[in-house]
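Visitor: Please find the sequence and the predicted model below.
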Amino acid sequence: MKILFVTSEAHPFAKSGGLGDVAHSLPKALVKTTDIRVIMPKYTSIHDRYRSGMKLISKFTTKVSWREKYVGLYRMKYDKIPFYFIDNEGYFNRPNAYGYFDDGERFSYFSRAVIDAIEHMDFVPDIIHCNDWQSALIPVFLKAFYGEKYKDIKVVYTIHNLKFQGVYSKQTLHDILGLSDYYFDEEKLKFNDAISYMKGGITFSDYITTVSDTYANEIKYPFFGEGLHGLFQKLDYKVTGIVNGIDYETFNPRKDKELHTKYGISTREKKIENKLALQRELGLLESENIPVIGIVTRLTGQKGLDLIAHILEELLILDIQLVVLGTGDIQFEDLFKYYAHIYPSKLSANITFDSTLAKKIYAGSDMFLMPSLFEPCGLSQLISMRYGTIPIVRETGGLKDTVIPYNEFKGTGTGFGFRNYNAHELLETLKYALKIYEKKEHWDKLVKNAMERKSSWANAAKEYKKIYKELINKK
């Protein structure tokens, strides 16, 4: 079984979100039993310590519509995974991976270059596994331009976030993709009066996965479907949800060198030392008894920040401390900075990206707040449970699938959840969590439950491998 995993980002080379974690951790889980290789752009922003280990294995050209463009193909191994890199400084010599006027052209080029790179590798994949809109054109291009050459290659397409589809004008179809009007059709790439790269990936792939069971069902409805709910209803037979995992080596409180004090399930009483260290580092009042609520997120509306904004004053009146880490929309950045100024002993606003501080917040908080409007999977709630920090989530997407509401009578559950997107429903859930926090035996049981939850990539890897095998056997 030969798998080529295509991604626009992968830890540790480039990462802007959950895809970067998945593109490293899933292949890492599969490489033990499967010939899986990862291919991504060779951004000039990749650190020199990795770039120096890359070996140029071939130079060739690929098409962007009628234009011929240079491709350099590089290779290296990382964590026993073979990584390939597509090099073209005209497209990838940028400070960031995304956010440019020509992203549509950049990732059309990347998708075509990936297919052409197969000739220059030492294997032909049975499966190409594509991810999000940046590689969604691969199954379209295979159909349009490669005909019999790669007719046996099957494509698995994973949607990590349907909100970002790669929508461009109809002119892009001809000028950038080199496709005819045949593809400007409701059954193909047409999306309103434009084209959607992601719609092409969904339509032309052999199998589609999303990153949780609940999200796979939610996207069949208008609110979550981002204009594609009818397509998902039609293609229901080839859509399934597989919950992401986390890398147990990266996120392991027993061995994590970035923590003040290491701890595990059997030594969870040592977690308190990380709480005191976090309070001390951030200038909050040091107290074992004041509950610390952590938020590590992009500061955007999708993450439920408007709910938090609505109840923030009511929340800060309570005997709690709030620690925020992240960047995003200016109104939320300003909101937290303002209230941190008003309540300096109760709120620490860290408007930055800091992976070490994130680990300290996961370990040093008592609760983790994640009231998302929608959440395809989410990794933060999995990490927080791994560190014995109790998630408080809205029951949507992967949050619903991974966080079991606590039952104080049975002693079961791993966190707290609320259903409706309502600020005061969130506040009442928080107050209930604080009530349970006061009952130390209950809280210790809840922490133990959370830390015992199995969130490694092992189960997800088995599910993906099962899909690969089924597609290969259909040949």
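Guide: Received the coordinates, thanks.

Visitor: Okay, buried residues for the top strand by length along the chain please.
Guide: What stands out as the longest strand in the chain, according to DSSP state E, is strand 67-78. Using 16 or more other C-beta atoms under 10 Å as the test for burial, strand 67-78 gives 71-76, 78. From N, CA and C alone the C-beta is placed, and that goes for glycine too.

Visitor: With stretch 445-452 instead?
Guide: 445-447, 449-451.

Visitor: Tell me which of the residues you listed fall in helices.
Guide: Using DSSP state H, 445-447, 449-451 are the members of the buried residues of stretch 445-452 that sit in helices.

Visitor: beta partners of residue 84?
Guide: Taking DSSP bridges as the rule, residue 84 bridges to residue 39, residue 75.

Visitor: Name all residues that make contact with residue 62.
Guide: 68-69, 71, 109, 112-113, 116 (C-beta atoms under 8 Å, 6 or more residues apart in numbering).

Visitor: give me the beta-bridge partners of it?
Guide: Assessed by DSSP bridges, residue 62 has beta-bridge partners residue 69.

Visitor: any low-confidence regions in this protein?
Guide: Regions of the chain meeting the criterion pLDDT under 70 cover residues 475.

Visitor: That one - how does it break down into domains?
Guide: Under the assignment automatic domain parsing, the domains of the chain span 2-245+458-473, 268-452.

Visitor: can I get those in JSON lines with distance to residue 251?
Guide: Converted to JSON lines, the domains of the chain look like this (distance: least, C-beta to C-beta, whole Å):
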{"stretch": "domain 2-245+458-473", "distance to residue 251": "10"}
{"stretch": "domain 268-452", "distance to residue 251": "5"}
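
Visitor: for the ones you listed, which one sits closest to residue 252?
Guide: Residue 252 lies closest to domain 268-452 among the domains of the chain, at 7.6 Å (C-beta to C-beta).

Visitor: ranges for the strands of the stretch 51-200 of the chain?
Guide: Ranges of strands in the stretch 51-200 of the chain, per DSSP state E, counting those that start in this stretch, are 55-64, 67-78, 81-87, 127-131, 154-159, 167-169, 190-191, 194-196.

Visitor: Can I get those strands in CSV including distance to residue 421?
Guide: Output for the strands of the stretch 51-200 of the chain, formatted as CSV (distance: least, C-beta to C-beta, whole Å):
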stretch, distance to residue 421
strand 55-64, 42
strand 67-78, 40
strand 81-87, 39
strand 127-131, 28
strand 154-159, 22
strand 167-169, 25
strand 190-191, 26
strand 194-196, 26
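
Visitor: out of the ones you listed, nearest to residue 245?
Guide: Closest of the strands of the stretch 51-200 of the chain to residue 245 is strand 154-159, at 13.7 Å (criterion: C-beta to C-beta).

Visitor: could you say what helices and strands that closest one packs with?
Guide: For strand 154-159, the contact count by 3 or more C-beta pairs under 8 Å, 6 or more residues apart in numbering; DSSP states H and E identifies strand 127-131, helix 137-141, helix 197-204, strand 207-210, helix 458-473 as packing neighbours.

Visitor: Redo those as CSV? Include distance to residue 328 and mean neighbour count.
Guide: Below are the helices and strands packed on strand 154-159 laid out as CSV (distance: least, C-beta to C-beta, whole Å; neighbours: other C-beta atoms under 10 Å):
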stretch, distance to residue 328, mean neighbour count
strand 127-131, 23, 26
helix 137-141, 28, 26
helix 197-204, 23, 25
strand 207-210, 23, 23
helix 458-473, 28, 16
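
Visitor: which stretch among those comes nearest residue 99?
Guide: Ranking the helices and strands packed on strand 154-159 by proximity to residue 99 (C-beta to C-beta) places helix 197-204 first, at 16.0 Å.

Visitor: how about the nearest residue to residue 83 once chain neighbours are set aside, what does it touch?
Guide: Closest residue to residue 83 apart from its sequence neighbours, by C-beta to C-beta, 6 or more residues apart in numbering: residue 38 at 5.0 Å. By C-beta under 8 Å, 6+ apart, the contact set of residue 38 is 5-7, 10, 23-24, 27, 81-84.

Visitor: Tabulate those in JSON lines, adding columns for distance to residue 396.
Guide: Shown next, in JSON lines, are these (distance: C-beta to C-beta, whole Å):
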{"residue": "5", "distance to residue 396": "27"}
{"residue": "6", "distance to residue 396": "28"}
{"residue": "7", "distance to residue 396": "25"}
{"residue": "10", "distance to residue 396": "27"}
{"residue": "23", "distance to residue 396": "24"}
{"residue": "24", "distance to residue 396": "26"}
{"residue": "27", "distance to residue 396": "28"}
{"residue": "81", "distance to residue 396": "32"}
{"residue": "82", "distance to residue 396": "37"}
{"residue": "83", "distance to residue 396": "34"}
{"residue": "84", "distance to residue 396": "36"}
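
Visitor: could you redo the residues you listed as TSV and give each row distance to residue 196 and neighbour count?
Guide: Formatted as TSV, the contacts of residue 38 follow (distance: C-beta to C-beta, whole Å; neighbours: other C-beta atoms under 10 Å):
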residue	distance to residue 196	neighbour count
5	23	30
6	18	27
7	19	27
10	24	24
23	22	29
24	27	25
27	27	26
81	31	19
82	31	19
83	29	25
84	27	23
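
Visitor: Residue 414: which of those is nearest?
Guide: residue 24 (25.2 Å).

Visitor: Could I get the full set of strands for the stretch 201-350 of the chain?
Guide: Going by DSSP E, counting those that start in this stretch, the stretch 201-350 of the chain shows strands at 207-210, 239-241, 292-296, 321-325, 347-350.

Visitor: Out of the ones you listed, which gets nearest to residue 249?
Guide: Across those, closest to residue 249 is strand 292-296 (C-beta to C-beta), at 19.6 Å.

Visitor: re earlier: dump the strands of the stretch 201-350 of the chain into JSON lines; add distance to residue 155 as well.
Guide: Output for those, formatted as JSON lines (distance: least, C-beta to C-beta, whole Å):
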{"stretch": "strand 207-210", "distance to residue 155": "8"}
{"stretch": "strand 239-241", "distance to residue 155": "14"}
{"stretch": "strand 292-296", "distance to residue 155": "34"}
{"stretch": "strand 321-325", "distance to residue 155": "37"}
{"stretch": "strand 347-350", "distance to residue 155": "41"}
